[in-house]
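Asks: Quick one: sequence plus predicted model below, questions after.
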Amino acid sequence: MQSEIEYKTIDSINEELLREAAILHIDGLSYRSFITLFGVKFITEIYKDALRNNIAFFVFALDNNKVFGYVMGCTDTRQLFKSVFKKFPKYIAIMLPKIIMSPRLIIKLFETLFYVDKENTTVNSELVVIVTNANYRSKGIGAGLVNNLDKEFLKRGINQYKVTVHDEMVRSNKFYINLGMKLSTSFKMYGVKFNLYVNSIGS
Ligand SMILES: CC(C)(COP(=O)(O)OP(=O)(O)OC[C@H]1O[C@@H](n2cnc3c(N)ncnc32)[C@H](O)[C@@H]1OP(=O)(O)O)[C@@H](O)C(=O)NCCC(=O)NCCS
């Protein structure tokens with residue numbers, strides 16, 4: 001990093017930034033993940049459909065136009081899943097080669113599509129994903145992203161949002177707890193434990 005990190009919030013499609021976000025997503029969150037199996041194009045398409053449906057925004061941490069991290073906020077996760085359902089043929093076409101190689105992925109697909117029902121929460125807005133460049137962690141970039149995410153949620157009249165994380169990802173759980181998020185519930189998906197935190201903001 002040469003200078004100060006700049007935080008940029010976008011709610012329209014920027015192909016280049018979204019592609020960089022998808023690459024970071026795969027780099028940072030492939031551990032026991034389902035959607036990262038399907039690659040950059042698959043993830044970018046989900047991001048773009050969320051933006052087209054006006055239910056998402058992204059905050060990027062930039063230095064000289066290089067992406068050091070990003071966070072995706074969604075105002076209604078159920079709508080996000082519906083937007084993916086509506087475009088199912090497009091997504092299944094990208095997924096098919098992997099599913100043919102490993103048909104058991106179908107089970108994970110259904111678990112993913114219905115995971116919102118397992119969450120047992122009335123909070124609809126969500127921090128969907130946050131990743132910072134692995135070489136630049138513990139410098140406050142993650143906290144800066146969440147700070148800007150909070151500002152954008154508040155601007156949209158939302159003062160509570162959820163985030164789910166693998167129980168085993170100790171550092172990430174600690175990151176959310178340090179930022180004041182409260183453990184709301186835990187549930188099992190893909191045979192592993194997930195924690196759901198809720199962040200109440202703006203009071
Ligand atoms: C979780 C994640 C986004 C945190 O990003 P980050 O940029 O490291 O976050 P921060 O730097 O704001 O905070 C992390 C730690 O750095 C510390 N820190 C913050 N600013 C600092 C600074 N200037 N100097 C030294 N340490 C600092 C924080 O206190 C915190 O310490 P802790 O981990 O001991 O509690 C990052 O680890 C990541 O991308 N992980 C992989 C993806 C992931 O797990 N995402 C979450 C699940 S969706």
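Replies: Structure's in. What do you need?
Asks: contacting residues around the residue in the chain that the ligand sits nearest to?
Replies: With CB to the nearest ligand atom, the shortest gap between the chain and the ligand falls at G142, namely 2.5 Å. Any C-beta I mention is one placed from the backbone N, CA and C, and that applies to glycine too. Residues in contact with G142 (CB atoms under 8 Å, 6 or more residues apart in numbering) are 69, 130, 132, 175.
Asks: Quick check: pLDDT value at it.
Replies: Looking at G142, its pLDDT reads 98.
Asks: cool, the one 4 residues further on as well?
Replies: Among the per-residue scores, V146 holds a pLDDT of 98.
Asks: Within reach of the ligand, which of the contacts of G142 are there?
Replies: Contacts with the ligand within the contacts of G142, as defined by CB under 6 Å from any ligand atom: 130, 132, 175.
Asks: and the residue of the chain closest to the ligand, helix, strand or coil?
Replies: Here G142 is recorded as helix under DSSP: H, G, I helix; E, B strand; the rest coil.
Asks: gap between the residue lying closest to Y136 once chain neighbours are set aside and N199?
Replies: Closest residue in space to Y136, ignoring its immediate chain neighbours: F68 at 5.3 Å, by CB to CB, 6 or more residues apart in numbering. Using CB to CB, to the nearest Å, one gets 22 Å for the distance from F68 to N199.
Asks: next one: F175
Replies: For F175 relative to N199 (CB to CB), the value is 12 Å.
Asks: Quick check: neighbours shared by the two?
Replies: By CB under 8 Å, 6+ apart, no residue touches both F175 and N199.
Asks: Near the ligand, which residues of this protein are found?
Replies: 28-29, 129-132, 137-143, 165, 169, 171-172, 174-175, 178.
Asks: Narrow the residues you listed to those that are buried.
Replies: Neighbour counting with 16 or more other CB atoms under 10 Å marks 28-29, 129-132, 137, 139, 141-142, 165, 169, 172, 175 as buried within the residues of the chain next to the ligand.
Asks: No further queries at this time; thank you.
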